[in-house]
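Engineer: Here is the input, now give the coordinates:
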Amino acid sequence: MGSVDPPFNALSVAIGAEAGFVARTHDLDRKHMMETFRAAHGYQGAAFVEIYQNCNVFNDGAFSDVIGRERREHMLINLVDGEPIRFGPEGRRGVVAGSDGALRIVDVEDVGVDALVVHDAERTDPSLAFALARGGIHDQVCAAQERHQDQQVGQDRRQHEAALGVLRRQVAAAHVEGARHRRVDAAREQAQRGHLVAVGGQRSAQPRRRNLAVAARAVADDLHQRRLAGTPVLA
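Structural biologist: Numbers count the residues shown, from 1 in each chain. Purely as a prediction, here's the structure:
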């Protein structure tokens, strides 16, 4: 039967490591996947995106119980920043936080919209993002294998809902700004000294021309950012 140990929850590991941008999407929703990629690309820092994607060879049908056409409306929780977390047909189901801090799925009609958790991807406390990451189908990443395992150990494993979208988005403005200025200063210094600059993982064969181009781009970016921030620019 092989190893029956559960796999890592990738998003939990990323959030636990204090990743600044963490999101989840799946390959059967092209629009959602593209929006997630755009958000990740626009993030000023390293971005981690988990994709539920079927593989016909190694995990065929692993996600069908959750993202299958007949199931996704009932199982996928599309997160929208600043809005109550609800899903299902006509948004009849929602997410609330219990007195113990654990998230629970409820019928909105029973508790009211005001009781639902409002998603905030930019909150400093990562507990909400971590709780949302722990939901979903982490326990059945290899569904076919687990069904076989359940038959052997006599268990009936319940399929869980999966939260999609940007779970966490943190921007350390001072750190990003400082790093950008350090890059600009380093490019200027390299251009003045005529040192070789690593471009695309390789050292340039035309050091001075390439250095000047890198420095020019860095300075232009610096001036553009200063104008956007309203900082006076001396000619």
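Engineer: Thought Asp27 was touching Gln53, still the case?
Structural biologist: Yes - between Gln53 and Asp27 a contact is recorded at 4.4 Å, counting by C-beta atoms under 8 Å. Backbone N, C-alpha and C define where each C-beta goes, glycine included.
Engineer: between those two, what contacts are shared?
Structural biologist: Common contact partners of Gln53 and Asp27 (C-beta atoms under 8 Å, 6 or more residues apart in numbering): none.
Engineer: the helices in this structure, which residues?
Structural biologist: 10-16, 30-41, 64-67, 72-75, 108-111, 127-134, 143-153, 173-193, 207-228 (DSSP state H).
Engineer: List the residue ranges of this protein that fall below the pLDDT cut-off.
Structural biologist: 1-4, 135-159, 172-181, 184, 191-216, 219, 223-235 (pLDDT under 70).
Engineer: Now do the domain split for it, please.
Structural biologist: Listed domain ranges for the chain are 10-83+120-169, 84-118, 173-228 (source: automatic domain parsing).
Engineer: What count of nearby residues applies to Gly45?
Structural biologist: 14 (other C-beta atoms under 10 Å).
Engineer: can you check the one 3 residues further on too?
Structural biologist: Applying other C-beta under 10 Å, we find 20 other residues in the vicinity of Phe48.
Engineer: Repeat that for Thr124.
Structural biologist: For Thr124, using other C-beta under 10 Å, the count is 6.
Engineer: give me every residue that touches the residue nearest to Val80 when sequence neighbours are not counted.
Structural biologist: Nearest non-adjacent residue to Val80, counting by C-beta to C-beta, 6 or more residues apart in numbering: His119, 6.4 Å away. By C-beta under 8 Å, 6+ apart, the contact set of His119 is Leu79, Val80, Asp81, Gly82, Glu83, Pro84, Ile85, Leu128, Gly165.
Engineer: can you tell me which residues contact the fourth one?
Structural biologist: With contacts defined as C-beta under 8 Å, 6+ apart, Gly82 is in contact with Val118, His119, Asp120.
Engineer: measure the first one to Glu83 for me?
Structural biologist: It stands for Val118. 7 Å (C-beta to C-beta, to the nearest Å).
Engineer: higher neighbour count, these two?
Structural biologist: Using other C-beta under 10 Å, the more surrounded residue of Val118 and Glu83 is Val118, with 15 against 12.
Engineer: The more buried one is in contact with Pro84, isn't it?
Structural biologist: Yes - if you go by C-beta under 8 Å, Val118 and Pro84 touch, sitting 5.5 Å apart.
Engineer: wait, doesn't Gly20 sit right on Gly45?
Structural biologist: Yes - the criterion here is C-beta under 8 Å, and Gly20 meets it with Gly45 at 4.7 Å.
Engineer: hang on, the earlier thing: return the member of the contacts of Gly82 nearest to Ser12.
Structural biologist: His119 (17.5 Å; C-beta to C-beta).
Engineer: what about the closest residue to Ala115 other than its chain neighbours, neighbour count?
Structural biologist: Once flanking residues are discounted, Ala115 sits nearest to Val96: 5.4 Å by C-beta to C-beta, 6+ apart. Neighbour count for Val96, taken as other C-beta under 10 Å: 18.
Engineer: what does the one 10 residues further on give?
Structural biologist: The criterion is other C-beta under 10 Å. On that basis, Val106 has 16 neighbouring residues.
Engineer: go on, the one 4 residues further on?
Structural biologist: Residues near Asp110, counting by other C-beta under 10 Å, number 9.
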